[in-house]
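Peer 1: Got a predicted model here, sequence first, then my questions.
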Amino acid sequence: MSHFQRPTGTLDILPEEQPYWRHVRAHATRLAERAGFERLDVPVFESTDLFARGIGTGTDIVEKEMYTFCDKGDNSLTLRPEFTAGVVRAYIENGMHVRPQPVKLYSTGPIFRYERPQAGRYRQHTQFNLEILGAQDPAADLEIMLLIADIYAGLGFENLSFQLNSTGCPACKPGYVAILQDYYQHYRDQVCDDCQRRLEQNPLRVLDCKAEQCQPIIANAPHIVEHLCDECRGHFALLREYLDLLKRPYKLNHRLVRGLDYYTKTVFEVWAGGIGAQSAVCGGGRYDGLAQALDGPPTPGVGVAAGLERIILVMKAQGVKVPPLPAPAVFVACVGEKARPAAVQLTDELRQAGVATWLAFEQRGLRSQMREANKRGASYTVILGEDELARGVGAVRNMHSGEQATVDLAELTAWIQHRTAA
RNA sequence: GUGGGUGUGGCCUAAAGGCAAGGCACCUGGUUGUGGCCCAGGCGAUUGUGGGUUCGAAUCCCACCACUCACCCCA
């Protein structure tokens, strides 16, 4: 065996896996476009500085997870560790703020983060991403959440848990952080080492600590929703009112804080069971300060990113069926060198007519070719040998019933077309 | 970055210090030109890599690599 292996944390997606991928992508794309989202493709790599400034220099992603390299022009570039920063950059750079607002965009493709792989986590994974730029209305937050919920529902998912919280804005978040830090003062020597560090660097993160000794302290910690400013409180109340109106269940999770700096107001995740410890199948929220942080015009935004590998894990765990790979409609077998030109010609003719056709290569026994036709799941096998050539016909065998007919070569394509039309 | 588990043909699984065995898959034949079931044969492994112990290592020891699960964190 070759000593070449795929890089750690990457995936080969084999042909037999593709039905899942095709189905998820087609479904998500269809629903996104139905809701007025347009596709935006952004580069796989961007200036390192874009992500550092967009995501935040104190975050794990920027601190230790980026694939950063220097190109020959001595520019520091980074393989995108998420979509949002690139999408907002594209919005600003292409002057999309002069289009009718808001702009609703979807993107899909590979994302790169240098992490230790585990169930549902890879160094290269694939996201389906939605963003609404230029809308402050909580109805935009709602629309993102509804769309993502509809995508999961349409895939047949059950038992998903929607987790919702608000993390405030620059006007109220610092006040809450101070209150939280103040509360933790009393328990400084009781919390885990990680939380001692978090209290200095990223205080909100103490809330989703899983260490045993921190649980009772978290349970009694003040809730951010009780310390929001008027604007944030109103926004959050309206969003929840809409969700209730539409009878969309969600769980208010005071401990939900996300790892990226740019989030303001709404944050949410969707959790699925049965796929290991990495159970979030999507995560998102509002980022009203991001465009400005990237030197663009002040532009509110809200979005979500869904991980396709995890979605496919859920599909498998829940036994969701997907359309199978298409099998060839016709297998062209040929006996004897003299029949080959006719076989090649017939194959081309069938394909030009839109019939999925497989041609047997090499000179092999008919038995072997029939076996191959069977294994490939062909509906019909056309046998071309010297007998048939002499009479200008092909022997056409129905591989399901075993019936065999003799058909004029001139009419064969139409004959097959007629019988294989969906 | 930390910790646990696992590495034997393409895939699955035996061999517990003494000839690396079997199943699936693949190829060929049993039928001069007819698939699925059956039967026969064949191809295919320096046992993840490198060292060490031993007369002898898939097996014991060490290191590295990879996979995997979990922590951290996240899709």
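Peer 2: All right, it came through fine. Numbers count the residues shown, from 1 in each chain, chains lettered A, B, ... in the order given.
Peer 1: For the helix or strand of chain A with the lowest mean pLDDT, buried residues please.
Peer 2: Lowest on mean pLDDT, DSSP states H and E among the helices and strands of chain A sits helix A:193-201, with a mean of 82. Buried residues in helix A:193-201, counted by 16 or more other C-beta atoms under 10 Å: A:195, A:198-199. In this view, the C-beta of every residue, glycine as well, is placed from N, C-alpha and C.
Peer 1: Number of residues surrounding A:Leu366?
Peer 2: 15 (other C-beta atoms under 10 Å).
Peer 1: Was I right to think it contacts A:Ile383?
Peer 2: Yes. Assessed by C-beta atoms under 8 Å, A:Leu366 is found in contact with A:Ile383 at 6.9 Å.
Peer 1: Name the residues contacting each of those two.
Peer 2: Common neighbours of A:Leu366 and A:Ile383, using C-beta atoms under 8 Å, 6 or more residues apart in numbering, are A:333, A:335.
Peer 1: Might one say that A:Arg188 is in contact with A:Gln196?
Peer 2: Yes. With contact defined as C-beta under 8 Å, A:Arg188 counts as touching A:Gln196 (7.1 Å).
Peer 1: Could you check the pLDDT of the residue in chain A that RNA strand B sits nearest to?
Peer 2: In chain A, the residue that lies nearest RNA strand B is A:Gly259 (0.8 Å; C-beta to the nearest atom of the strand). Per-residue pLDDT puts A:Gly259 at 78.
Peer 1: In which helix or strand does it reside?
Peer 2: Under the criterion DSSP states H and E, no helix or strand holds A:Gly259.
Peer 1: what's around it, how many residues?
Peer 2: Neighbour tally, A:Gly259, other C-beta under 10 Å: 16.
Peer 1: How about A:Gly168?
Peer 2: 25.
Peer 1: Kindly report the same for A:Gly120.
Peer 2: 21.
Peer 1: Can you report phi and psi for the closest residue to A:Lys251 other than its chain neighbours?
Peer 2: Excluding the flanking residues, the one nearest A:Lys251 by C-beta to C-beta, 6 or more residues apart in numbering is A:Gln163, at 5.5 Å. Note on A:Gln163: backbone dihedrals following degrees, to the nearest 10 are phi -110, psi 130.
Peer 1: List the contacts of A:Gln163.
Peer 2: Contact analysis of A:Gln163 by C-beta under 8 Å, 6+ apart lists A:250-251, A:253, A:256, A:268-271.
Peer 1: Keep only those of these that are also close to RNA strand B.
Peer 2: A:Glu269 (C-beta under 7 Å from any atom of the strand).
Peer 1: Highest neighbour count among the contacts of A:Gln163?
Peer 2: A:Phe268 (25 neighbours).
Peer 1: can you tell me which helix or strand A:Ala390 belongs to?
Peer 2: According to DSSP H and E, A:Ala390 maps onto helix A:386-391.
Peer 1: what's downstream of that helix, the next helix or strand?
Peer 2: Defined by DSSP H and E, the subsequent element after helix A:386-391 is strand A:393-398.
Peer 1: and that next one, how far out from the chain's middle?
Peer 2: Centre-to-centre, strand A:393-398 and its host chain are 45 Å apart (C-alpha atoms, centre = their mean, to the nearest Å).
Peer 1: Could you list every helix and strand in contact with that strand?
Peer 2: Strand A:393-398 sits against strand A:380-384, strand A:404-408, helix A:409-420, with contacts defined as 3 or more C-beta pairs under 8 Å, 6 or more residues apart in numbering; DSSP states H and E.
Peer 1: where in chain A is pLDDT low?
Peer 2: By pLDDT under 70, the weakly predicted segments of chain A are A:1, A:422.
Peer 1: Break chain A into its domains for me.
Peer 2: Structural domains assigned to chain A are A:15-172+A:228-317, A:330-420, following automatic domain parsing.
Peer 1: what's the most buried one of the ones you listed?
Peer 2: Greatest average neighbour count among the domains of chain A goes to domain A:15-172+A:228-317 (a mean of 18), per mean count of other C-beta atoms under 10 Å.
Peer 1: do stretch A:311-329 and RNA strand B meet?
Peer 2: No. Against RNA strand B, stretch A:311-329 shows no contacts by C-beta under 7 Å from any atom of the strand, the least distance being 7.6 Å.
Peer 1: Off-centre distance for that stretch?
Peer 2: 16 Å.
Peer 1: end to end, how far does it reach?
Peer 2: Taking C-alpha to C-alpha, to the nearest Å, the first and last residues of stretch A:311-329 lie 31 Å apart.
Peer 1: now stretch A:107-122
Peer 2: 19 Å.
Peer 1: Give me the secondary structure label for A:Leu146.
Peer 2: With DSSP: H, G, I helix; E, B strand; the rest coil as the basis, A:Leu146 sits in helix.
Peer 1: for A:Gln5, that is, sorry about that
Peer 2: The three-state assignment at A:Gln5 reads coil, by three-state DSSP.
Peer 1: which ones are touching it?
Peer 2: Applying C-beta under 8 Å, 6+ apart, no residues contact A:Gln5.
Peer 1: Kindly list the main-chain dihedrals of it?
Peer 2: Backbone torsions of A:Gln5, given as degrees, to the nearest 10, read phi -130, psi 160.
Peer 1: Please apply the same query to the one 10 residues further on.
Peer 2: Dihedral pair for A:Pro15: phi -50, psi -40, per degrees, to the nearest 10.
Peer 1: My guess is it contacts A:Leu325. True?
Peer 2: Yes. A:Pro15 lies in contact with A:Leu325 (C-beta under 8 Å); the separation is 6.9 Å.
Peer 1: State the helix or strand in which A:Tyr184 lies.
Peer 2: Going by DSSP H and E, A:Tyr184 is part of helix A:173-185.
Peer 1: How about the residues of the stretch 101-250 of chain A by RNA strand B?
Peer 2: Residues of the stretch 101-250 of chain A lying near RNA strand B (C-beta under 7 Å from any atom of the strand): A:111, A:113, A:115-122, A:125, A:127, A:194, A:198, A:205, A:208-211.
Peer 1: Take those residues and keep only those in helices.
Peer 2: Applying DSSP state H to those, the entries found in helices are A:194, A:198.
Peer 1: Among the residues of the stretch 101-250 of chain A next to RNA strand B, which ones are in strands?
Peer 2: Members of those lying in strands (criterion: DSSP state E): A:111, A:125, A:127.
Peer 1: contacting residues around the first one?
Peer 2: Right, A:Ile111. A:80-83, A:124-127, A:305.
Peer 1: hmm, 7 Å instead?
Peer 2: A:80-82, A:125-127 (C-beta atoms under 7 Å, 6 or more residues apart in numbering).
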